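Undergrad: what follows is a predicted protein model with its sequence.
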Amino acid sequence: MPSDFSSHASQKVSLPRLTRLSVADHILETAEVIAHLDIPKAASQVDVSIFVQCDGLHGTHSASIDAVAHVIRNIVAARDDSPGSSFRFTQSQKRTYNWEFMDDVEWIPAQNTRMLTFHLRWDTPTLPDFSDHVLFGTVTTLYPFTHVREIYVQSLFVPLPTSWAFLAQCDKVEKAHLVGFCTYGFSSALAQDFQANLLPKLRELIISNAHFSYPLGEESLGRSLGAALANRKRAGRPPLRFYINSSHITLVQSQALALFCDEPLTYTGEPHTWGVGEEIEEPEEDDTDEEAETDATTEGQDEDDAIDGD
């Protein structure tokens, strides 16, 4: 098996009417197969499904991530310069990932909608958990985001702030919807963007299935988003419309965030934070803990009550 997937680039099979491609094999073999396919540009929709198996021979972390990147690079290269106006990443279960690019911003494919869908199911019990955010960060850097106006991200892992480098390309994004564990990494990335260069045209932010007091302390979702919104205000960015779905947020937190929005915060659904906060129990003597009480007063956020209420 050659390590350079481009070594046989001239030996490509043309499939001008291809709309669906399903491949199941070890990732290096999968990358080699797709490197030999000429995926059409003219097709209105291309749906790629890959079931990746990894064993002791092919299951190394770096080699597998590089091979997945090569697979997606070949798929993306087959599209035109405007892959779509929306980007969607979902992870409904561990080791299962879906990436979608499409023109229809309402996620209802029209007859003339160009759509690129990439499904990856990775059977990798030998790889460490941190490969999730490495894979996320690597793959997202391969897409051209210059035409994207909406992003939707749902994950069962917390992408590190460095995994959100693709946001630097999202100059036209007006709407962002974050669901589950990705909300914490997203807010941290924006909080560290002191000049508010990321998502300069963002007007609508939706947070779903999140706990605004997680993690405890300065890195909590509520405080990170507050810092991010403060950065945007100082930079003269337009105020946001902020929607919160099925999340746990205290009154003090919502009042603090509402200061940076041009409309009242909108809340829907009962809190369902995917287990975040449920495993944390307050000690019985917490109501007499003067240090905790002082911190809640000075900081303006009662984090213990927020966690206990989930």
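TA: Arrived safely, thanks for sending.
Undergrad: which one is S14 nearest to, not counting chain neighbours?
TA: D38 (4.4 Å; CB to CB, 6 or more residues apart in numbering). No exception for glycine: its C-beta is placed from N, CA and C like everyone else's.
Undergrad: residue ranges with poor pLDDT in the chain?
TA: Where the chain drops to pLDDT under 70, the residues are 1-10, 39-46, 52-64, 74-84, 102-116, 122-130, 278-310.
Undergrad: how does it divide into domains?
TA: Here the domain assignment for the chain is 17-84+114-144, 149-280, based on automatic domain parsing.
Undergrad: reformat those domains as CSV; add mean neighbour count and distance to S92.
TA: Formatted as CSV, the domains of the chain follow (neighbours: other CB atoms under 10 Å; distance: least, CB to CB, whole Å):
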stretch, mean neighbour count, distance to S92
domain 17-84+114-144, 17, 11
domain 149-280, 18, 8
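Undergrad: I'd like to know which of the ones you listed lies nearest to T90.
TA: T90 lies closest to domain 149-280 among these, at 4.6 Å (CB to CB).
Undergrad: please enumerate the strands of the chain.
TA: Assigned by DSSP state E, the chain shows strands spanning 13-14, 20-26, 37-38, 45-53, 86-93, 96-102, 115-123, 150-155, 175-180, 204-208, 241-245, 266-268.
Undergrad: distance to G217 added to the ones you listed, as JSON lines?
TA: Shown next, in JSON lines, are those (distance: least, CB to CB, whole Å):
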{"stretch": "strand 13-14", "distance to G217": "55"}
{"stretch": "strand 20-26", "distance to G217": "42"}
{"stretch": "strand 37-38", "distance to G217": "49"}
{"stretch": "strand 45-53", "distance to G217": "37"}
{"stretch": "strand 86-93", "distance to G217": "26"}
{"stretch": "strand 96-102", "distance to G217": "30"}
{"stretch": "strand 115-123", "distance to G217": "33"}
{"stretch": "strand 150-155", "distance to G217": "22"}
{"stretch": "strand 175-180", "distance to G217": "20"}
{"stretch": "strand 204-208", "distance to G217": "19"}
{"stretch": "strand 241-245", "distance to G217": "21"}
{"stretch": "strand 266-268", "distance to G217": "24"}
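Undergrad: quick one: closest of these to E218.
TA: That would be strand 204-208 among the strands of the chain, by CB to CB, at 18.6 Å.
Undergrad: for Y184, give me its contacts.
TA: Contacts for Y184 (CB atoms under 8 Å, 6 or more residues apart in numbering) come out as 158, 210, 214-215, 221, 224.
Undergrad: rerun at 6 Å
TA: 158, 221 (CB atoms under 6 Å, 6 or more residues apart in numbering).
Undergrad: can you check the one 5 residues further on too?
TA: With CB under 6 Å, 6+ apart as the criterion, the residues that contact A189 are 161, 164.
Undergrad: kindly provide the distance from it to E270.
TA: A189 is 28 Å from E270, where distance means CB to CB, to the nearest Å.
Undergrad: hmm, R17 and the residue nearest to S14 touching each other?
TA: No: D38 sits out of contact with R17 when judged by CB atoms under 6 Å, with a separation of 11.7 Å.
Undergrad: okay, and the common contacts of those two?
TA: What both D38 and R17 touch, as defined by CB under 6 Å, 6+ apart, is an empty set.
Undergrad: show me where this protein has helices.
TA: 27-35, 61-77, 131-140, 182-191, 221-234, 251-258, 290-299, 303-308 (DSSP state H).
Undergrad: okay if I get these as CSV plus distance to I50?
TA: Output for the helices of the chain, formatted as CSV (distance: least, CB to CB, whole Å):
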stretch, distance to I50
helix 27-35, 6
helix 61-77, 7
helix 131-140, 12
helix 182-191, 22
helix 221-234, 33
helix 251-258, 40
helix 290-299, 47
helix 303-308, 39
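Undergrad: out of these, nearest to F51?
TA: helix 27-35 (8.8 Å).
Undergrad: quick one on the thing from earlier: closest one to Y97 among the domains of the chain?
TA: Shortest distance between Y97 and those, using CB to CB, is found for domain 17-84+114-144: 4.5 Å.
Undergrad: out of the strands of the chain, which gets nearest to S131?
TA: strand 115-123 (8.5 Å).
Undergrad: from R223, how far off is T266?
TA: 21 Å.
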